[in-house]
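*Asks:* based on what follows, work out the 3D shape:
(chains A and B)
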Amino acid sequence: MKCDEVQALLPALLDAGGTPSVEVRVHIETCLRCQADLVRYRRMLRELRELRTRYLEPSPDALSRTLVNLWEAGEQRAIRSMLTGRRLAYLAAVGGLLVIAATTVTVLALRSRRRAPIAGG
Amino acid sequence: MTESDAPGSGNGPEGDHALISAARDGDRMAFEELVRRTYTETYTLAVRLTGNREDAHDVVQEAYLRAWRGLKSFRGDAHFSTWLYRITANTAYSHVNKRRRHRSVPLGELRTEIADEHAPSPEEKAETAALQSRLAMAVAQLPSKLRAVVVLKDVYGLAHEEIADQLDISEAAAKVRLHRARKQLRDLLYDDRPSKESTE
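*Replies:* Predicted coordinates for the structure are as follows:
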């Protein structure tokens, strides 16, 4: 097995369930370069875990800005949502009126048609 | 911006429960206190995920807004901070994707910004601290899709399943991205690969 092939597998071997095949293990045990690479990967992973507790300090006014923007954005969305709700209500009302008007016109038209033959006879 | 070892929170999950309950009932002061307690951690995660401070602020803002609006759906079976991490990760991912569609940040600009943020202080002269600084820069240089996975898995310890769920990808895709990310990070940290040389 070649170093390139083994090194391509190293990132997957770092996971908890990442057990190497016998072939890979034998190669690593006898290859100083791949051993060194595995050590580097493990160190990198250790340092990545350390980043979890290395907190980055935000700028001093960031928190207050976030809080101000938070409520402003919340209110804007609430207003938008209310307006959208009202718009929908208006549209529903207009739609309802149109339906009523169309129904009334249709009923009147039908009635006038029925009356017409009686008046003629 | 500086790095520190502990966030400015301090109160335990017991105190959080009362605050969450009050915030659920619409108490803004209670929610503000939750924001104060989690702010540094959320900001740190956002910087790690987006790779820069400006985007991180936008992500934090949006994440807290989503948290406030979605607080009623928080059942309390996880820590508030864990729930918030998920929202932040999701927000950061959408934000980065949206940004990528609208504008591109030149790599040089990104590198400079992160390098400034992680400029080693006198105490950081030890080898480990130097490596961490390089690592933080390297993480910021990764493509956003790879960065999201490596940050969530190798920094924050989320399971593949959770990552897949957060990023709306399959578990297999999450694993592939993770391995690619680790490989790229390794190459960025130790640029010493011999050219096409191999041994039996």
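
*Asks:* sec struct for residue B:131, please.
*Replies:* Put simply, residue B:131 is helix when judged by DSSP: H, G, I helix; E, B strand; the rest coil.

*Asks:* pop the domain breakdown of chain A in here.
*Replies:* A:3-51, A:85-121 (automatic domain parsing).

*Asks:* pick out the shakiest of these, pLDDT-wise.
*Replies:* Note on the domains of chain A: lowest mean pLDDT is at domain A:85-121, with a mean of 81.

*Asks:* in it, what's buried?
*Replies:* Along domain A:85-121, not one residue counts as buried under the neighbour rule (16 or more other Cβ atoms under 10 Å in any protein chain shown). For every residue, glycine as well, the C-beta is placed using N, CA and C.

*Asks:* anything in stretch A:2-14 near chain B?
*Replies:* Yes: counting by Cβ under 8 Å from any Cβ of the partner chain, chain B has neighbours in stretch A:2-14: A:2-4, A:8, A:11-12, A:14.

*Asks:* highest neighbour count among the residues you listed?
*Replies:* residue A:11 (22 neighbours; other Cβ atoms under 10 Å in any protein chain shown).

*Asks:* give the full set of residues in contact with it.
*Replies:* Shown in contact with residue A:11 (Cβ atoms under 8 Å, 6 or more residues apart in numbering or on different chains): A:41, B:178-180, B:182-183, B:186.

*Asks:* between which two of those is the distance greatest?
*Replies:* Pairwise distances across these (Cβ to Cβ) peak at 13.5 Å, for the pair A:41 and B:180.

*Asks:* tell me which of the two has more neighbours.
*Replies:* Between residue A:41 and residue B:180, counted using other Cβ under 10 Å, the more crowded position is residue A:41 (21 against 17).

*Asks:* who does the helix or strand hosting the more buried one touch, helix- and strand-wise?
*Replies:* Here residue A:41 is covered by helix A:32-51, with elements defined by DSSP states H and E. Judged by 3 or more Cβ pairs under 8 Å, 6 or more residues apart in numbering or on different chains; DSSP states H and E, helix A:32-51 is in contact with helix A:3-13, helix A:22-30, helix B:127-141, helix B:171-189.

*Asks:* can I assume residue B:182 is in contact with residue A:44?
*Replies:* Yes: look at residue B:182 against residue A:44 with Cβ atoms under 8 Å: they come within range, at 7.4 Å.

*Asks:* which bits of chain A sit near chain B?
*Replies:* A:1-4, A:8, A:11-12, A:14, A:31, A:33, A:37, A:40-41, A:43-45, A:47-59, A:62-63, A:65-67, A:69-71, A:73-74, A:77.

*Asks:* and the residue nearest the centre of chain B?
*Replies:* Nearest to the geometric centre of chain B sits residue B:45, at 2.8 Å (Cα atoms, centre = their mean).

*Asks:* now a ChimeraX select for only the buried ones of the residues of chain A next to chain B.
*Replies:* Burial among the residues of chain A next to chain B is assessed by 16+ other Cβ under 10 Å; the matching ChimeraX selection reads:
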select /A:1,3,11,12,14,31,37,41,44,45,47,48,51,52,54,55,56,57,58,62,63,66,67,69,70
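
*Asks:* where along chain B do the helices fall?
*Replies:* With DSSP state H, the ranges of helices along chain B come out as B:13-24, B:28-50, B:53-70, B:80-102, B:107-117, B:127-141, B:144-150, B:160-167, B:171-189.

*Asks:* so which other helices or strands are in contact with the second one?
*Replies:* Contacting helix B:28-50 under the criterion 3+ Cβ pairs under 8 Å, 6+ apart are the following elements: strand A:55-56, helix A:62-120, helix B:13-24, helix B:53-70, helix B:80-102, helix B:144-150.

*Asks:* of all these, which one comes closest to residue B:38?
*Replies:* Between the helices and strands packed on helix B:28-50, helix B:80-102 lies closest to residue B:38; by Cβ to Cβ that is 5.5 Å.

*Asks:* where does chain B have low pLDDT?
*Replies:* B:1-15, B:100-126, B:192-200 (pLDDT under 70).

*Asks:* separation between the spatially closest residue to the residue nearest to the centre of chain B that is not a sequence neighbour and residue B:130?
*Replies:* Leaving aside its chain neighbours, residue B:45 sits nearest to residue B:88 (5.2 Å; criterion: Cβ to Cβ, 6 or more residues apart in numbering or on different chains). Noted for residue B:88: a distance of 28 Å to residue B:130, by Cβ to Cβ, to the nearest Å.

*Asks:* ok, the two, which is more surrounded?
*Replies:* In this view residue B:88 and residue B:130 are compared by other Cβ under 10 Å, and residue B:88 has more residues nearby, 28 against 12.

*Asks:* would you confirm that the more buried one contacts residue B:49?
*Replies:* Yes: counting by Cβ under 8 Å, residue B:88 touches residue B:49, with 7.4 Å between them.

*Asks:* what is in contact with those two at once?
*Replies:* Contact criterion Cβ under 8 Å, 6+ apart; residues bridging residue B:88 and residue B:49 by contacting each: residue B:59.

*Asks:* how long is stretch A:12-27 end to end?
*Replies:* By Cα to Cα, to the nearest Å, the extent of stretch A:12-27 from end to end equals 16 Å.
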